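Please find the sequence and the predicted model below.
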Amino acid sequence: MTYPEFDARAHSTADAVARRSYGKLVAFLAARTRDVVAAEDALSEAFASALADWPRNGCPSNPEAWLLTVARRKAIDMARGRRRHEIAGEQLRVMAEGLEAAAAESEIPDQRLALMFACAHPAIDAGIRAPLILQAVLGLDAAMIASAFLTSPAAMGKRLVRAKDKIRQAGIPFRIPEREELPVRLDTVLAAIYAAFTEGWTDPGGTDVVRRDLTEESFFLARLAAELLPEEPEALGLLALMLHAEARRRARRSEDGEYVPLAEQDPALWDLQMIDEAEALLLRASGLGVIGRYQLEGALQSAHIHRCRAGHSNWVQVVRFYDALFALAGSPVVAINRALAIAEVHGASAALAAMPDVAADVRLAEYQPYWAARAELLTKTGAHEEARHSYEIAIGLERNPAVRRFLQKRLSALAL
Amino acid sequence: MKYMLMAYVDEAGWPKMTKAEQEQGVAAYMAYGEALTKAGVLVGSNRLQPTSTATTVRAANGKSQVLDGPYVDSKEQLGGYFLIDVADLDAAISWAARCPAAGHGAVEVRPIWGMQA
């Protein structure tokens, strides 16, 4: 092969390893030292070395092991440099021990779940837990996480560093919690996985590689959680919810890339295998006897699908699910969806009365689905002027072009 | 890792207790200290005199300033500490939860500035 071909192969191998094993390598490197920053730095240096070495010497047969060995050597060098003035002996000994342990392993043990539990520890500020998991386990950069969580990249970067410092300095352990504290601790882990999934989900065409990977990675994390914690109904519920949403990905856009709402989707385009798996998971979860947010949201997805397939209304049941969900997790987002379901049973005026109040929660003023839902309900009550105003705000807030065009079509239908 | 468990309690409560209650309170702390010792995690511990005995010193611009009273006036005051050596924060938290002060006040858990810091 010529040099450029080697180069291209080295890059694609490095990309594939980064995608497949980034979190696994960070988790393994940081598990003993609890130093996530050092693990990330060492790993990024190892990737840089790979891109210099692999085109010349060929890709190693086990790229993960190669990266791990180089990363660990870098980590030790960096620790020596950084902590010359401190007693770093213990730290270096721990790292060197890990190096030997890694050399003895043919397969790198998967400590991603333990890393997730460290990131979602109650001693970590609640607002930074999900971003921290996205960065440490999936390797997302601060700018992308910041845009998903609607803050500035600089502020997000600072908060991430502070949280990683806390893990190291306060000695937060990398392990799966004991039975009695597991449900509470698991809740924050699941919330982070779901946040990663919804971030990947905003690209139904699947053309944006980063987002598509994010969906795959979040499925990997959700499956990992469900597999390692098979007695936790909410872990099963989350996977079911994600499968249900993912099953309809193809149906959510028309052939020319237009947004298709659920009621107008072609069920032939739904992935029945995913739907069946989701239903089986929900059934298993319900057998474990503890209801929760994700199981309820999964059940709602299931109810929507049954209505579209069977063609008879089940809105009364859907409203009941939303009532339960609202009682459990009374977020404005749930309130909006609940109002839309109420419209199907009690009419648009009752639904408008059930909508959350923008004065009570200022974040709603910038939340597109709030304005789109309002516009739709106002249209049904005949308040076209107000509906038009709401559609305009919704269009102005939407960042996805297909959804924007869909809303614009609704608005122009109103004008006729 | 070494952690300082700092016991914050309302020191005004102590003189209001009956002698029997005080004895019971002291016994609970003794038992806690004993448990820490038996587990081999206790590095040191002390109970502090009330904040009425405190003096706060500052040396600003080379001039020392000495003030009567504690550094912060709060509803609950630092009444003592336990210095322990355990594996990680979870172990420190589980010891903090057993401290009698967690029941009638609060326990702040802080890692010691060591080689990990």
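Perfect, I can see it now.

what sits against the closest residue to residue A:121 other than its chain neighbours?
Distance criterion CB to CB, 6 or more residues apart in numbering or on different chains; nearest residue to residue A:121, sequence neighbours excluded, is residue A:172 at 4.9 Å. Any C-beta I mention is one placed from the backbone N, CA and C, and that applies to glycine too. Residues counted as contacts of residue A:172 (CB atoms under 8 Å, 6 or more residues apart in numbering or on different chains) are A:34, A:118, A:121, A:123, A:124, A:166, B:88, B:89, B:90.

mind running it again at 6 Å?
A:118, A:121, B:89 (CB atoms under 6 Å, 6 or more residues apart in numbering or on different chains).

And the buried ones among the residues you listed, selectable in PyMOL?
Those of the contacts of residue A:172 that count as buried under 16 or more other CB atoms under 10 Å in any protein chain shown are selected in PyMOL with:
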select buried, (chain A and resi 118+121) or (chain B and resi 89)
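
If we only consider the contacts of residue A:172, which is nearest to residue A:218?
Nearest to residue A:218 out of those is residue A:118 (CB to CB; 18.5 Å).

tell me the secondary structure for that closest one?
helix (DSSP: H, G, I helix; E, B strand; the rest coil).

For chain B, which residue gets nearest to chain A?
residue B:88 (3.9 Å; CB to the nearest CB).

Now the closest residue to that residue other than its chain neighbours: which helix or strand?
Distances taken as CB to CB, 6+ apart put residue A:173 closest to residue B:88, at 3.9 Å, once the chain neighbours are dropped. Using DSSP states H and E, no element contains residue A:173; it sits outside every helix and strand.

again with residue B:87
Using DSSP H and E, no helix or strand contains residue B:87.

From residue A:13, how far off is residue A:220?
Residue A:220 is 20 Å from residue A:13, where distance means CB to CB, to the nearest Å.

whoops, I mixed them up, residue A:414
Distance from residue A:414 to residue A:13, by CB to CB: 53 Å.

quick revisit: these two touch, right, the residue of chain B closest to chain A and residue A:171?
Yes: if you go by CB atoms under 6 Å, residue B:88 and residue A:171 touch, sitting 4.6 Å apart.

Of the two, give the one with the bigger neighbour count.
Taking neighbours as other CB atoms under 10 Å in any protein chain shown, residue B:88 and residue A:171 compare with residue A:171 leading, 22 against 18.

give the contact list for that one.
Residue A:171 makes contact with B:1, B:88, B:89, B:111, according to CB under 6 Å, 6+ apart.

quick one: secondary structure of residue 113?
This is for chain A. Residue A:113 - assigned by three-state DSSP - is helix.

you looked at the wrong chain, it should be chain B
Recorded secondary structure, residue B:113: coil (three-state DSSP).

What values do phi and psi take at the nearest residue to residue B:9 once chain neighbours are set aside?
In space, and not counting its chain neighbours, residue B:9 is closest to residue B:105: 3.4 Å by CB to CB, 6+ apart. Reported as degrees, to the nearest 10, the phi and psi values for residue B:105 are phi -160, psi -130.

pLDDT at the nearest residue to residue B:65 once chain neighbours are set aside, what is it?
Closest residue in space to residue B:65, ignoring its immediate chain neighbours: residue B:58 at 4.7 Å, by CB to CB, 6+ apart. Turning to residue B:58, the model gives it a pLDDT of 91.

and if you look at residue A:24?
The predicted local confidence for residue A:24 is 88.

Now do the contacts for it.
Taking CB under 6 Å, 6+ apart as the test, what residue A:24 contacts is A:108, A:110, A:112.

could you check the distance from the residue nearest to residue A:121 over to residue A:153?
Going from residue A:172 to residue A:153 by CB to CB gives 25 Å.

Identify each buried residue in stretch A:321-334, please.
Applying 16+ other CB under 10 Å to stretch A:321-334 flags A:321, A:322, A:325, A:326, A:332, A:334 as buried.
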